[in-house]
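Chemist: Have a look at this fold, sequence not included:
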């Protein structure tokens, strides 16, 4: 099982495409207040970006999807994982893109704010990779059904 970018791409051979989850542009309440107007690339130029990797794959993919342009900046803060991104952003370190399932509680409580809400949020797609000929196996089908059942909560 791998989390692969590119919801618009077809799944590679030997995979099924069971589910995806939306991403949310997030910031602390203080950053949300500073960005009171429309959130555009120029509005974000002074906002530090927080990512879980130097390459900032979620930020780059979402930037291109939402703004139809490449992100040319590097993150101001790179942390170990998405939970650390969530904590850093909630503490006011800047803005980032997080999977909706990971920040749902913080958005509901007000600890994080959605900085923008595009009509179609960028998706992260989950592929279930299987060996050729194994897709019909009972065990593979059980995993696929479990993922599909869990996906609406992501």
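Modeler: On my side now, so go ahead. Nothing here was measured: the structure is a model prediction, and the numbers come from that model.
Chemist: show me where this structure has helices.
Modeler: 29-34, 57-67, 82-90, 100-109, 138-150 (DSSP state H).
Chemist: To residue 75, which of the ones you listed lies closest?
Modeler: Of all these, helix 57-67 sits nearest to residue 75, with 7.0 Å by Cβ to Cβ. Where you see a C-beta, it was placed from the backbone N, CA and C, and this is true even at glycine.
Chemist: Outside of the closest one itself, list whatever touches it.
Modeler: 5-6, 23, 25, 40-41, 49, 51-52, 69-71, 75, 96-98, 116, 118, 122, 124 (Cβ atoms under 8 Å, 6 or more residues apart in numbering).
Chemist: and the helices of the chain as TSV, adding distance to residue 131?
Modeler: What follows is the helices of the chain, written out as TSV (distance: least, Cβ to Cβ, whole Å):
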stretch	distance to residue 131
helix 29-34	46
helix 57-67	26
helix 82-90	29
helix 100-109	29
helix 138-150	9
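Chemist: Where does pLDDT dip in the chain?
Modeler: 1-20, 123, 153-154 (pLDDT under 70).
Chemist: TSV for the helices of the chain, including mean neighbour count?
Modeler: Shown next, in TSV, are the helices of the chain (neighbours: other Cβ atoms under 10 Å):
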stretch	mean neighbour count
helix 29-34	14
helix 57-67	19
helix 82-90	19
helix 100-109	15
helix 138-150	12
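Chemist: Show me the one of those that comes nearest residue 132.
Modeler: By Cβ to Cβ (comparing all of these), the closest turns out to be helix 138-150, at 11.8 Å.
Chemist: and that closest one, how far from the chain's centre?
Modeler: 23 Å (Cα atoms, centre = their mean, to the nearest Å).
Chemist: just the angle between that helix and helix 100-109, please?
Modeler: Put simply, helix 138-150 runs at 20 degrees to helix 100-109, going by axes from the mean of the first three to the mean of the last three Cα atoms, to 10 degrees.
Chemist: one step back: which among the contacts of helix 57-67 count as buried?
Modeler: Among the contacts of helix 57-67, those classed as buried by 16 or more other Cβ atoms under 10 Å are 23, 25, 49, 51-52, 71, 75, 96-98, 116, 122, 124.
Chemist: Looking at these, which is nearest residue 81?
Modeler: Using Cβ to Cβ, the buried ones among the contacts of helix 57-67 come closest to residue 81 at residue 52, 5.4 Å.
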